[in-house]
Structures are given as C-alpha cells and as structure tokens.
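>>> Predicted coordinates and the sequence they were generated for:
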Amino acid sequence: MAETEIAEREEGFADAHPGRYWHRLDDKRVQCDLCPRYCKVHEGQRGLCFVRANRGGEMVLTTYGRSSGFCIDPIEKKPLNHYLPGTPILSFGTAGCNLTCKFCQNWDISKSREFDRLTSRAGPEDIARAAKLTGCRSVAFTYNDPVIFLEYAVDTAIACRALGIKTVAVTAGYICDEPRVEFFRHMDACNLDLKAFTEEFYHRLCTGHIEPVKETAKYLKHHTDCWFELTTLLIPGENDGDAEIEELTQWVRDALGPDVPLHFTAFHPDWKMMDRPPTPPATLTRARKIGLKNGLRYVYTGNVHDREGGSTYCHGCGTMLIERDWHLLGRWHLTPDGRCRSCGTPCAGVFEARPGTWGRRRAPIRIEAAALYGALRGASRSFA
C-alpha cells in the first residue's frame, strides 16, 4: 500500500474513540449497526457518515472531542418553542452525516471530509463547564446529526446532567432500534427533522428511508420522557403539496398526538439544489392552516418573520400565550405552572415561571481545555 494511501486512511484516527453498535463479518470487514445504512467497511475505511471507521478490526469514532465550533444560540433557533423559551443554549456539531440530503442547509459541516475544519477540541466535561459558566440552560448537539457521534453526545449529556444542564438533540432520527434507546435515554429534548412524508422523497433526495424516522418519532412519544418537536423544511415542488401536508399532519395527530409541535420552515437554495426558489411565506401559512385544521394544536412557520405563525396560542380559548417574531419573544401569558392566564388550559411543554431574556443573540465562543477557565470566566459576566 502506498504511503499516501496509508496517510489518507489514518487521517483523523489518532484521536479515535471506541465505537459501539457494530460487529465483525467473516471477510474481516466490520458492520456498523448504529443506523439503517449498516455500512460494511474494510480496514482503514469509513462508513458513509465519514466519521465511523474500521481501525484494527474495530469500529471507532474519529471525531470524539472535536468540533466545528461552539456558539450560544436562542433555544428557539433549534427550533424548540415549548422547551425553556427565551433561554440560551450552547450549540455545537462535529462533521459528517448519515444522510445525503441534496438540500442540506449546513452542508459545509455535515458534508465535510476535511478534518482541519474541526478546529475546536473539548471533552464532555469541558462543554458542561462552559455551559454552566456562560449561563446556558442547555447544550445542543446540532449543525450535523448527533446520531453519528453518539458516544461523544452521550458522554457530554452525562457530564451536563451532573451540573444541572439539559441536553437537546437536533436530529433526523435515522437510527437503529438498540442505539435509539441509549441515545434518547440521555436527552432531555429533541427537534426531530421529518424531511417529507413520502418514501420517494427520502430515497431520491436523502438516499434513506422514511420508516426508521417515523419509528423514532413514535419511540420518543410513547417510550421516553424526552420533550420533542418536529420540523419539516418545505421545498417548492418537492414536499409542499396539499395532499402530502394533509397526510403528514394527520399522521402526526394520530400517531403522536395533537400536542406535538410541528414547525414548517422555509427552504433557501443551497448545496445541490441551487435551482429551486426559496419557499414563499404563503406556502408556510397554507401548511400551518392545514395542520391546525387537522387537529394539531401547535403549528408554526419558521425561517421567516411571521408574528402570527411563530406565536403560541391557547387551544382552549385562542388567547396568544407566547408572542414570537422569528426568535424574539414578546408577550408572555402563561401562569408559572404553564397554563393560559385567561382560561386555565394547560399548554404542552416545559416552561418556567418566567421566560428567558436571551433574545436573538448568537455568540460564538471558543472552548479549549487549556484556556477554558480564563476565557469563559470573564465571558460569563457578559452572558449573564
């Protein structure tokens, strides 16, 4: 084997972490059992996600402790509208993805094959301490799908819980049954990306399948205490037809219940779908009306300025409970125990007596183990 090929195969392996959910095959390959792709890889090769690899006949995670960057976001950006509204959330991702969505809005991270993009290094305890020091109520695994860095995400979630910090997974839910149980056991909240409601869409535009995602949604609802919300990015001419939105919203109502919030968000041309126009705001409004007509109580429009479509209303009396314009909160009409102040109807979600005041701010930060305390201790005063 040429030295250059050896170097390419070893790139990123120096910090590799033992992976879980795999088994050896008779031909010396290893099969990854984390997601429904079941990648079978020879020595030195990586799976489709690019971050899980065969090293020495064992599956390893090559991005453990390495990130493409950290940023403090409003939690509404995940999007989560019913989980600790107004609070700051420390967000980070790594590299790679186990789906190949042609419309990916974070393609520079999720499609990355360059490990020099992973410029930040931080262990689970470092991340938990950084969240605590900067006043973040939670940590989000986002930007790329945390399913593929399960070991890093789970260890970080454990470290966060030890300090009273919540954890949030932003994921497409493309995961197998056994790892699904472990992964979500450690998550406090989740935004699940339901990309469309046809197998044809998942196969053609994501090279995946819809059923594992539907199973993840049902598992979250019926077998966990993890608060979750759904997001569907509406792409003109692909998944924005009335018939599909009718079917999707009826399934959410029947399989998950009327209290699961659903976000219809706007597409913008990116990655390999530059030929499609942005989603018209009217399309989002139409989808929201269909969802409400079909009995869903909390349907939102996203990635647009839409005060009506972004706000939360009481399903009992129609009163506006939480006013939103994009990620900025306005009116707050909930009691300390999460009920409508007008009629007493409970609002589904995880709320505190008062909303947070983080607003729309985004604050990139660096988390390096060596510089963590000096840099963040001073920064924490400005984030308070």
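Received, thanks. Remember, it's a predicted structure, so these values are computed and weren't measured experimentally.
>>> Am I right that F228 sits in a helix?
No: the assignment for F228, made by DSSP: H, G, I helix; E, B strand; the rest coil, is strand rather than a helix.
>>> hey, what's it bridged with?
C190 (DSSP bridges).
>>> so how many other residues sit close to it?
Counted with other C-beta atoms under 10 Å, the burial measure for F228 works out to 25 neighbours. Every C-beta, even on glycine, is put in place using the N, C-alpha and C of the backbone.
>>> check contacts around R52.
R52 is in contact with 19, 32, 34, 39, 46, 59-62, 148, counting by C-beta atoms under 8 Å, 6 or more residues apart in numbering.
>>> so it bridges to which residues?
L61.
>>> any idea how far it is from R288?
R52 sits 38 Å away from R288, going by C-beta to C-beta, to the nearest Å.
>>> What of K214?
The span separating K214 from R288 equals 21 Å under the rule C-beta to C-beta.
>>> Which of those two has more residues huddled nearby?
More neighbours sit around R288 than around the other of K214 and R288, counting by other C-beta under 10 Å; the figures are 23 against 16.
>>> Surely the more buried one forms part of a strand?
No: the assignment for R288, made by three-state DSSP, is helix rather than a strand.
>>> Confirm for me that it is in contact with H263.
No: counting by C-beta atoms under 8 Å, R288 sits too far from H263 to count as a contact (9.4 Å).
>>> between the two, what contacts are shared?
When C-beta under 8 Å, 6+ apart defines a contact, the residues bordering R288 and H263 alike are 299-301.
>>> Which one of the residues you listed is nearest to H186?
Taking C-beta to C-beta as the measure, H186 lies nearest Y300 of these, at 26.6 Å.
>>> Verify the contact between that closest one and P261 for me.
Yes: at 6.6 Å, Y300 counts as touching P261 under the criterion of C-beta under 8 Å.
>>> Need the residues touching each of the two.
Between them, Y300 and P261 share the contacting residues N81, judged by C-beta under 8 Å, 6+ apart.
>>> Tell me how many other residues crowd the nearest residue to Q31 once chain neighbours are set aside.
Closest residue to Q31 in three dimensions, ignoring its sequence neighbours and counting by C-beta to C-beta, 6 or more residues apart in numbering: K40, at 4.9 Å. One way to gauge burial is a neighbour count; for K40, by other C-beta under 10 Å, it gives 15.
>>> same check, this time on A53
By other C-beta under 10 Å, the residues close to A53 number 27.
>>> ok, L292 - contacts?
With contacts defined as C-beta under 8 Å, 6+ apart, L292 is in contact with V299.
>>> Also A172?
Contact analysis of A172 by C-beta under 8 Å, 6+ apart lists 99, 145, 147, 192-193, 195, 208, 213.
>>> quick check: domain ranges of the protein?
Structurally, the chain divides into domains by automatic domain parsing as follows: 13-61, 67-294.
>>> and the longest one, how far apart are its ends?
Domain 67-294 has its terminal residues 41 Å apart, counting by C-alpha to C-alpha, to the nearest Å.
>>> what's the distance between it and the middle of its chain?
Domain 67-294 has its C-alpha centroid displaced from the chain centroid by 3 Å (C-alpha atoms, centre = their mean, to the nearest Å).
>>> The shortest one too?
From the chain centre to the centre of domain 13-61 is a distance of 23 Å (C-alpha atoms, centre = their mean).
>>> What residue, apart from its backbone neighbours, is nearest T232 spatially?
Ranked by C-beta to C-beta, 6+ apart and with sequence neighbours excluded, the top spatial neighbour of T232 is L194, at 5.2 Å.
>>> which residue packs closest to V213, ignoring adjacent ones?
Closest residue to V213 apart from its sequence neighbours, by C-beta to C-beta, 6+ apart: G173 at 4.7 Å.
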